[in-house]
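> The sequence and its predicted three-dimensional model are supplied below.
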Amino acid sequence: MSISKTEFARRRRNLMALMEPNSIAIIPSAPEQLRSRDTEYPYRQDSDFYYLSGFTEPQAVLVLAPGRRHGQYVIFCRERDPATELWHGYRAGPEGACADHAADDAFPIGDIDDILPGLIEGRERVYYSMGRSAAFDRQIMSWVNSIRSKESTGAVPPGEFTDLNHFVHELRLVKSAAEQRLLRQAGELTARGHKRAMGHCAPGRYEYQLEAELLHEFASSGARHAAYPSIVGSGPNACTLHYVENSRAMRDGELVLVDAGCELEYYAADVTRTFPVNGRFSREQRALYEIVLQAQAAAIAAIRPGNNWNQPHDASVEVITRGLVELGLLKGRVDRLIKREAYREFYMHRVGHWLGLDVHDVGDYRVAGSWRQLEPGMVMTVEPGIYVSPHNSKVARKWRGIGIRIEDDVLVTGDGCEVLTASAPSSVEEIEAYMAATG
Ligand code: GLY
Ligand code: MN
Ligand code: MN
């Protein structure tokens, strides 16, 4: 485990320090999900739950009850059961939750309805993630109602309910040294996957074959799961932003856009490379590609502490609009085109998002009505793109159906930033040289 027990404990302490006096926080594990009949999707713990505990089992609930005499960190989880464990594997049980996961106190999940109301009783405020799961919202209310039903005996139900999301998510936004190391490792591994895909690309091969190369690299390096469904879009498929069918034969003369990242010990990478199926960019592909690459460089140059979240995006918009005017895909004055967002026909998403335990990670982008200031330890993607619809009859035919995105993962440092995924080739020269050497 690369995040130490001390760090998980520090996270819980930090959260408890943000809570009002005499309050309690309740956090449920992620539900298990059926894939078909009696077969489930691989289980993945909820990111907030994991962040605060490191506990990866389903059917569990964490409770933080600051100041509780018998221990403030309580885990409810499945009991040990040799017959079930024979089929489905190890469970920590309440004993293991205390011994191996630093819980002060732990109980079987089956006893939660009897025990949790007693932990809530007398606390003025309950923190929980509201509205994420209707079933959990109902459960919270049933625990509170069971206290209310005993009011005549002197039981005191909580009077205030506060959404926990904001507090946990602000903590998650700034990454610790250990988290930065994991994100860097996830980034390097993902870059290796992209290089492997580039090396296996050739006309006539299928999009899913590139996906297989990426997944091979991830899984054989210990990151068994991708952080999100891989996108391998060749030719016009690159213009469908979330294309995940990955079923087409790639053709000579086309580009292929590959957006894929591994999840390593719960931390995500998110990388896109776009390259020629045959290893050589055409004149038009190259012209658009150079604009996207310059837009990305301009955005990355705007990432440093004190700059705000929107500055990298604005920098990318400026370069892309200017570039599209120079090539004749947009007509008019750059400042006016930017003002009326004419670029959105070709660049319809933002330059990036926070990255961490979730690929689209948590944390506010605006604070008190203004774009958030960047701080050391924040990690974001930088992923400008140009997508010319195959149906865009306003531009010359030669541009149609070209879709390009270049995406890297970037850590804000003390005086600038560090690109965590730079080892995947991204300049025209690097890509062509790499593909010539491996093809
Ligand atoms: N892979 C999803 C994204 O780039 O945001
Ligand atoms: Mn992506
Ligand atoms: Mn992304």
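Good, I have the coordinates. Ligands and ions are numbered 1, 2, ... in the order given.
> I figured His194 hits Ala260, correct?
Yes - His194 is within contact range of Ala260, at 7.2 Å (criterion: Cβ atoms under 8 Å). C-beta coordinates here come from the backbone N, C-alpha and C atoms, glycine included.
> Can you tell me how far Asn14 is from Phe8?
Remark: distance between Asn14 and Phe8 (Cβ to Cβ, to the nearest Å) = 11 Å.
> So between those two, which is more surrounded?
In this view Asn14 and Phe8 are compared by other Cβ atoms under 10 Å, and Phe8 has more residues nearby, 20 against 14.
> Which helix or strand contains the more buried one?
Assessed by DSSP states H and E, Phe8 sits inside helix 5-18.
> Output that helix as PDB, nothing but the C-alphas.
In PDB, the C-alpha atoms belonging to helix 5-18 read as follows (Å, rounded to 0.1, in the frame of the first residue of the first chain):
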ATOM      1  CA  LYS A   5      -1.800   4.300   7.400                       C
ATOM      2  CA  THR A   6      -0.400   7.500   8.900                       C
ATOM      3  CA  GLU A   7      -1.600   9.400   5.800                       C
ATOM      4  CA  PHE A   8      -5.100   7.900   6.000                       C
ATOM      5  CA  ALA A   9      -5.200   8.900   9.700                       C
ATOM      6  CA  ARG A  10      -4.100  12.400   8.800                       C
ATOM      7  CA  ARG A  11      -6.900  12.700   6.200                       C
ATOM      8  CA  ARG A  12      -9.400  11.700   8.900                       C
ATOM      9  CA  ARG A  13      -7.900  14.200  11.300                       C
ATOM     10  CA  ASN A  14      -8.100  17.000   8.700                       C
ATOM     11  CA  LEU A  15     -11.700  16.300   8.000                       C
ATOM     12  CA  MET A  16     -12.600  16.100  11.700                       C
ATOM     13  CA  ALA A  17     -10.900  19.500  12.200                       C
ATOM     14  CA  LEU A  18     -13.300  21.000   9.600                       C
END
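> tell me the mean pLDDT for that helix?
The average pLDDT for helix 5-18 rounds to 98.
> just stretch 96-111 next, same as before
Per-residue pLDDT values across stretch 96-111 average out to 98.
> start at 819 instead
Okay, residue one is now 819; in that scheme the one you just asked about reads as stretch 914-929.
> Would you indicate which residues of that stretch are buried?
Buried residues in stretch 914-929, defined by neighbour count with 16 or more other Cβ atoms under 10 Å: 914-916, 919-921, 923-925, 927.
> from the chain's centre, how far out does that stretch sit?
29 Å (Cα atoms, centre = their mean, to the nearest Å).
> ok, the helix or strand containing Ile844: who's next to it in the sheet?
Element membership of Ile844, judged by DSSP H and E, is strand 841-846. Sheet pairing of strand 841-846 (DSSP bridges) gives strand 879-882 (antiparallel), strand 943-946 (parallel).
> got the contact list for the first one?
It stands for strand 879-882. Contacts with strand 879-882, where a contact means Cβ atoms under 8 Å, 6 or more residues apart in numbering, come from 830, 833-834, 837, 842-847, 867, 870-871, 873, 890-895, 927, 930, 934, 937.
> residues of that strand that come out buried?
879-882.
> so what's the residue in the stretch 869-1018 of the chain positioned nearest to ligand 2 scoring on pLDDT?
Going by Cβ to the ion, ligand 2 is nearest to Thr1008 of the stretch 869-1018 of the chain, at 10.1 Å. As predicted, Thr1008 sits at a pLDDT of 98.
> Secondary structure element holding it?
With DSSP H and E as the test, Thr1008 turns up in helix 995-1017.
> Only alpha carbons, please: show that helix as PDB.
Provided in PDB are the C-alpha atoms of helix 995-1017 (Å, rounded to 0.1, in the frame of the first residue of the first chain):
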ATOM      1  CA  ALA A 995       3.700  14.000  -1.700                       C
ATOM      2  CA  ALA A 996       2.600  10.300  -1.700                       C
ATOM      3  CA  GLU A 997      -0.400  11.000  -4.000                       C
ATOM      4  CA  GLN A 998       1.900  13.000  -6.300                       C
ATOM      5  CA  ARG A 999       4.200  10.000  -6.500                       C
ATOM      6  CA  LEU A1000       1.300   7.700  -7.400                       C
ATOM      7  CA  LEU A1001      -0.100  10.100 -10.000                       C
ATOM      8  CA  ARG A1002       3.400  10.400 -11.500                       C
ATOM      9  CA  GLN A1003       3.700   6.600 -11.700                       C
ATOM     10  CA  ALA A1004       0.200   6.300 -13.200                       C
ATOM     11  CA  GLY A1005       1.200   8.900 -15.700                       C
ATOM     12  CA  GLU A1006       4.500   7.200 -16.700                       C
ATOM     13  CA  LEU A1007       2.800   3.800 -17.000                       C
ATOM     14  CA  THR A1008       0.100   5.300 -19.100                       C
ATOM     15  CA  ALA A1009       2.700   7.000 -21.400                       C
ATOM     16  CA  ARG A1010       4.200   3.600 -21.900                       C
ATOM     17  CA  GLY A1011       0.800   2.200 -22.900                       C
ATOM     18  CA  HIS A1012       0.400   5.000 -25.500                       C
ATOM     19  CA  LYS A1013       3.900   4.300 -26.900                       C
ATOM     20  CA  ARG A1014       3.000   0.600 -27.200                       C
ATOM     21  CA  ALA A1015      -0.200   1.400 -29.000                       C
ATOM     22  CA  MET A1016       1.700   3.700 -31.400                       C
ATOM     23  CA  GLY A1017       4.200   1.000 -32.100                       C
END
